[in-house]
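Novice: need a structure here:
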Amino acid sequence: MQMRWYRARTKRALGVALQSIRQRAGTSQSELAARVSSSRPHLSRLERGTSPQVDTLMQLLDVQGYELVMVPRGSTVTVEPPR
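Specialist: Numbers count the residues shown, from 1 in each chain. The predicted structure is shown next:
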């Protein structure tokens, strides 16, 4: 299975990316939550973009002109300065 990369500028976009990554791996919310010592409802809030901690993170990035980019571990990434 080819892994893909994701860009998140909002907490909702981050949630969609997290859900997509989990679903592409064929993992349930309960399974993933157990693997990270969390709860299924907490993971569900993250995937829906309703976690207050994620809201703060995304706002901090936004006001400083940054966004979150997720790439498969081991990927080679080339970054060019903004135009």
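
Novice: if you go through the chain in chain order, where are the strands?
Specialist: Here the chain has its strands, by DSSP state E, at 6-8, 68-70.

Novice: between these, which gets nearest to L32?
Specialist: Closest of the strands of the chain to L32 is strand 68-70, at 15.1 Å (criterion: C-beta to C-beta). Just so you know, the C-beta spots here come from the backbone N, C-alpha and C atoms, and that holds for glycine as well.

Novice: wait, what's in contact with G15?
Specialist: Shown in contact with G15 (C-beta atoms under 8 Å, 6 or more residues apart in numbering): L46, E47, R48, G49, T50, V54.

Novice: Could you list the single helix or strand in this protein with the lowest mean pLDDT?
Specialist: helix 52-63 (a mean of 89; mean pLDDT, DSSP states H and E).

Novice: Please report how far M3 lies from V63.
Specialist: The gap separating M3 from V63 is 30 Å, by C-beta to C-beta, to the nearest Å.

Novice: Give me the neighbour count for the closest residue in space to P72 that isn't next to it in sequence.
Specialist: Nearest residue to P72 in three dimensions, chain neighbours excluded: M3, at 3.8 Å (C-beta to C-beta, 6 or more residues apart in numbering). Neighbour count of M3, defined by other C-beta atoms under 10 Å: 13.

Novice: Name the residues of stretch 66-80 that are buried.
Specialist: For stretch 66-80, a neighbour-count test (16 or more other C-beta atoms under 10 Å) marks L68, M70 as buried.

Novice: List of residues touching that stretch?
Specialist: By C-beta under 8 Å, 6+ apart, the surrounding residues in contact with stretch 66-80 are M3, R4, W5, Y6, R7, A8, R9, L14, A17, I21, M58, L61.
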